[in-house]
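1. using only what follows, build the 3D model:
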Amino acid sequence: MSEDRSADDDLTNRVPEVAEPAPGEGVEARESLALVVQKDERDRSDSVIEAGAEEGNHPRSEGSAPTAEGPPSDDPAREPADPEAPTTTEGRGDLERSKLARRAGIVGAGTLLSRILGLARDMALAAVFTRAETDAFFTAFRIPNALRQLLGEGAVSSAVVPVLANKIEKEGQPAARDFFAKARGVSLLALLVTSLLGVVFAERLTELFAAGYHADPGQFERTVSLTRTVFPYIFFMGSAALGVAALNANKRFVVGAFAPALLNVAFLFAAFFLPAVFLRFQLDGAQVIVAGALLGGVLQMVAQWPALRAIGYAGRPKIDFSDPSVREMLRRMGPMAFGLGVYYIDMILSTRFLSELGQGAQSYFMWASRLCDFPQGIFVLALSTASLPSLAVFAARGEMQELEKTYAHGMKLSLFVAIPSSVALVALGEPLVTLLFRRGHFQQEAVVETARALAWQGGAVWTVAAVRQLVPVFHALGDTKTPVLVSFLDLLAFIVLALTLKGPLGHVGVSVAVAGSSFVQMVLLFVFLRRKLADTRLGEIVRSVAKTTFAAVVAGFGGKGAADLATKHLSDDPVMRLVPGLAGGLVFAGLFLLAAYGARSAELEGLSSAVKRRLARRRATA
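-> Residues are numbered from 1 along each chain as shown. Below is the predicted model:
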């Protein structure tokens, strides 16, 4: 049930030789030591990198990934090898892992902006529009959005980025640009055809997804109309996703990180400024939300164009199905197409189930999902996005030990964020929903129902985070079949749970099914990964998770206690009802950091060291 933006460099620096920690000190000590001794060298290169990113000039914008040895290439787009690059496999691996948190941090910064604007968007939609309008829009929007997993983000992660990264690494930028032009041509053709078919068959798709709306007069017809007008969104977002693939493969993450914020800006503009216009022309108010979605898609596609032009990837698209690399991309997408079928069935069933469970069910489920997306997107998805190029390069070089280390490093960082997020969303669900949404059309009944769904979906954030770190490893290894097989088994688990629980639990039963099937997916992916890797480094991951879980549980008890105390002693007026969520959240965050520090969490130490280095550089250049 789960699926899918840091400027950084592809410069490399020599990593000083360091002594290995004594036996018993563990991998965490080794990684912490490596991060410390690399500080001076990274500080020097980072200042160059960040300056280039801020000005839109990448230090190697015309170069390919450097090699540690060999004569300069005749390729004018490829720079000569960096004489200070690490010359050992382990040195290159340490360098990539040292960059991973920084890349994910800047990717996460852009995603944080998008998520904050996304919360503002959801608050506006909840207050301005009725539950009938939001139910219809969320249903209509999910239909084309499901196809993004194949034609957008799914194709990017499973097919385009690995093939493009391999082209850059082995053949240089001219070959990579030629492949990208052909990939874009094939993609745009598929997106155009899909958009047209969606418009033509909107009524049949709505019947498939939301037949339950026939019981509510006018709701089915409204959803058909919204589906027809919102379907072209997939063309804009699919095109934008392909552009992000080129930027990520070249390790330029800024545009991909910040462009999604434009979608939320468009939604906010539509919610605040367009309802009166649509009312004047006697148009359905729900079409205002569709207008925001289409405007946001166009803005995202346009915003990345200067960055693509700067690295030479803005050439005219070509259609060439005979090209071996295009065929390899399509071959990788084959299993993804089957996976889309699995995912589409999943989407159909969950949306259809919710359409049968009364007004508001779609909206409660979706707002709970949005709150879960917040922690997932800020760092978890950012880590997955930032790690894929590094994993793909290690796989292309056959450096499996470094791939294993990088995967484990990303998993530990991801769960360090995801586990406390799960605990916080379970312990503080109702106060947080009240804080964020209770106003306008969103009143106490909606608060309670959304919090009930959030308790289960939020509790599964950590399993989704693990899945998002596991899947890129398979994609980097060129295996797109295993994740699809696991998705099929995940679907079976979801169907069984949803059919069993939606009767007694209503819309909450669907959220329970989502959480349960996500756990099944995580376990199965890890089992299959053990057959792919010589060492999954489970021991060090478990030690890290134990420390993180301890800190999160301590914070959960403290945060819930603070929220309950505030609720008991404060009135229910519009201002005072915000205090429990604020108090509980602040106490939770403070206690978690203190407990993690007391437990000597290596992840906290690594992240805090990165922040300190960045602040020190800014003070030095001020």
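
2. CA only for contacts and neighbour counts going forward, please
-> OK.

3. please put the alpha-carbon coordinates of the strand or helix carrying Phe137 into PDB.
-> Assessed by DSSP states H and E, Phe137 sits inside helix 131-151. What follows is helix 131-151, C-alpha atoms only, in PDB (Å, rounded to 0.1, in the frame of the first residue of the first chain):
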ATOM      1  CA  ARG A 131     -17.300  17.300   2.600                       C
ATOM      2  CA  ALA A 132     -19.300  16.400  -0.500                       C
ATOM      3  CA  GLU A 133     -17.000  18.600  -2.600                       C
ATOM      4  CA  THR A 134     -13.800  17.300  -1.100                       C
ATOM      5  CA  ASP A 135     -14.900  13.700  -1.300                       C
ATOM      6  CA  ALA A 136     -15.600  14.100  -5.000                       C
ATOM      7  CA  PHE A 137     -12.300  15.900  -5.700                       C
ATOM      8  CA  PHE A 138     -10.200  13.400  -3.800                       C
ATOM      9  CA  THR A 139     -11.800  10.600  -5.600                       C
ATOM     10  CA  ALA A 140     -11.400  12.200  -9.000                       C
ATOM     11  CA  PHE A 141      -7.800  13.200  -8.300                       C
ATOM     12  CA  ARG A 142      -6.800   9.700  -7.200                       C
ATOM     13  CA  ILE A 143      -7.800   8.200 -10.600                       C
ATOM     14  CA  PRO A 144      -5.100   9.900 -12.700                       C
ATOM     15  CA  ASN A 145      -2.800  10.100  -9.800                       C
ATOM     16  CA  ALA A 146      -2.500   6.300  -9.600                       C
ATOM     17  CA  LEU A 147      -1.100   6.300 -13.200                       C
ATOM     18  CA  ARG A 148       1.800   8.500 -12.000                       C
ATOM     19  CA  GLN A 149       3.300   5.400 -10.400                       C
ATOM     20  CA  LEU A 150       4.000   4.100 -13.900                       C
ATOM     21  CA  LEU A 151       4.300   7.100 -16.100                       C
END
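
4. ok, and for it, which residues are buried?
-> For helix 131-151, a neighbour-count test (16 or more other Cα atoms under 10 Å) marks 131-151 as buried.

5. what segments of the stretch 351-500 of the chain are helices?
-> Under the criterion DSSP state H, counting those that start in this stretch, helices of the stretch 351-500 of the chain are mapped to 361-375, 381-397, 400-427, 429-437, 444-459, 461-476, 481-505.

6. kindly report the same for the stretch 51-200 of the chain.
-> 89-128, 131-151, 153-155, 161-171, 173-200.

7. of those helices, which shows the lowest average pLDDT?
-> Comparing mean pLDDT over these, the weakest stretch is helix 153-155, at a mean of 64.

8. how close does the residue lying closest to Leu533 once chain neighbours are set aside get to Ile116?
-> Using Cα to Cα, 6 or more residues apart in numbering and skipping residues adjacent in sequence, the residue nearest Leu533 is Glu404, 7.2 Å away. Remark: distance between Glu404 and Ile116 (Cα to Cα, to the nearest Å) = 33 Å.

9. more crowded one of the two?
-> Glu404 (19 against 15; other Cα atoms under 10 Å).

10. wait, that one sits on Arg537?
-> Yes. Between Glu404 and Arg537 there is a contact under Cα atoms under 8 Å: 7.4 Å.

11. just to revisit the earlier point, and the helices of the stretch 351-500 of the chain as a markdown table, adding distance to Gly559 and mean pLDDT?
-> Output for the helices of the stretch 351-500 of the chain, formatted as a markdown table (distance: least, Cα to Cα, whole Å; pLDDT from 0 to 100):
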| stretch | distance to Gly559 | mean pLDDT |
| --- | --- | --- |
| helix 361-375 | 17 | 88 |
| helix 381-397 | 26 | 75 |
| helix 400-427 | 8 | 90 |
| helix 429-437 | 11 | 92 |
| helix 444-459 | 15 | 93 |
| helix 461-476 | 18 | 89 |
| helix 481-505 | 27 | 91 |
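
12. excluding its backbone neighbours, what's nearest the residue nearest the centre of the chain?
-> Nearest to the mean C-alpha position of the chain, by Cα atoms, centre = their mean, lies Leu381 at 3.2 Å. Excluding its sequence neighbours, the residue lying closest to Leu381 (Cα to Cα, 6+ apart) is Arg468, at 6.9 Å.

13. okay, now that neighbour: neighbour count?
-> Using other Cα under 10 Å, Arg468 is surrounded by 24 other residues.

14. for Asp323, see how far away Val186 is.
-> From Val186 to Asp323 the distance is 11 Å (Cα to Cα).

15. which one's more surrounded, these two?
-> More crowded of Val186 and Asp323, by other Cα under 10 Å: Val186, with 18 against 13.

16. who touches the more buried one in this structure?
-> Lys318, Ile319, Asp320, Phe321 (Cα atoms under 8 Å, 6 or more residues apart in numbering).

17. give the buried subset of those residues as a ChimeraX selection command.
-> In ChimeraX, a selection of the buried entries from the contacts of Val186 looks like this (16+ other Cα under 10 Å):
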select :318,319
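
18. so which of the contacts of Val186 comes closest to Leu594?
-> Ranked by distance to Leu594 (Cα to Cα), those are led by Lys318 at 55.2 Å.

19. Ser187 versus the closest one, what's the distance?
-> Lys318 is 10 Å from Ser187, by Cα to Cα.

20. also Gly559?
-> Gly559 is 48 Å from Ser187, by Cα to Cα.

21. more crowded one of these two?
-> A side-by-side neighbour count of Gly559 and Ser187, using other Cα under 10 Å, places Gly559 first with 28 against 21.

22. wait, doesn't that one sit right on Gly581?
-> No. Gly559 is beyond contact range of Gly581, at 9.2 Å (criterion: Cα under 8 Å).

23. any common contacting residues for those two?
-> Leu428.

24. ok so, going back, for the helices of the stretch 351-500 of the chain, please prepare TSV with the additional fields distance to Tyr313.
-> Listed next are those as TSV, based on distance: least, Cα to Cα, whole Å:
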stretch	distance to Tyr313
helix 361-375	31
helix 381-397	17
helix 400-427	28
helix 429-437	41
helix 444-459	39
helix 461-476	22
helix 481-505	29
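
25. of the ones you listed, which is nearest Ala259?
-> Shortest distance between Ala259 and those, using Cα to Cα, is found for helix 381-397: 13.7 Å.

26. now the angle between helix 161-171 and the closest one, please.
-> Angle of helix 381-397 versus helix 161-171, following axes from the mean of the first three to the mean of the last three Cα atoms, to 10 degrees, is 40 degrees.

27. buried ones in helix 381-397?
-> Going by 16+ other Cα under 10 Å, helix 381-397 has these buried residues: 381-396.

28. and which of these is nearest Arg252?
-> Closest to Arg252, out of all of these and judged by Cα to Cα, is Ala386, at 9.8 Å.

29. re earlier: how near is the residue nearest to Leu381 to Asn264?
-> 23 Å.

30. cool, Arg316 as well?
-> 29 Å.

31. ok, now Ala465?
-> Relative to Asn264, Ala465 is positioned 23 Å away (criterion: Cα to Cα).

32. before we move on, the earlier item: nearest to Ser239, out of the helices of the stretch 351-500 of the chain?
-> helix 381-397 (17.4 Å).

33. distance from the chain centre to the closest one, please.
-> How far helix 381-397 lies from its chain's middle: 14 Å, per Cα atoms, centre = their mean, to the nearest Å.

34. likewise for stretch 539-549?
-> That offset, for stretch 539-549, works out to 23 Å (Cα atoms, centre = their mean).

35. go on, stretch 318-329?
-> That offset, for stretch 318-329, works out to 28 Å (Cα atoms, centre = their mean).

36. CA atoms of it as PDB?
-> Taking Å, rounded to 0.1, in the frame of the first residue of the first chain, the C-alpha atoms of stretch 318-329 are listed here in PDB:
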ATOM      1  CA  LYS A 318      12.900  12.200 -30.000                       C
ATOM      2  CA  ILE A 319      10.800   9.000 -30.500                       C
ATOM      3  CA  ASP A 320      13.100   6.000 -31.100                       C
ATOM      4  CA  PHE A 321      11.900   2.700 -29.900                       C
ATOM      5  CA  SER A 322      14.800   0.900 -31.600                       C
ATOM      6  CA  ASP A 323      17.400   2.500 -29.300                       C
ATOM      7  CA  PRO A 324      18.900  -0.200 -27.000                       C
ATOM      8  CA  SER A 325      18.800   2.100 -23.900                       C
ATOM      9  CA  VAL A 326      15.200   3.000 -24.600                       C
ATOM     10  CA  ARG A 327      14.400  -0.700 -24.800                       C
ATOM     11  CA  GLU A 328      16.200  -1.300 -21.600                       C
ATOM     12  CA  MET A 329      14.100   1.500 -20.000                       C
END
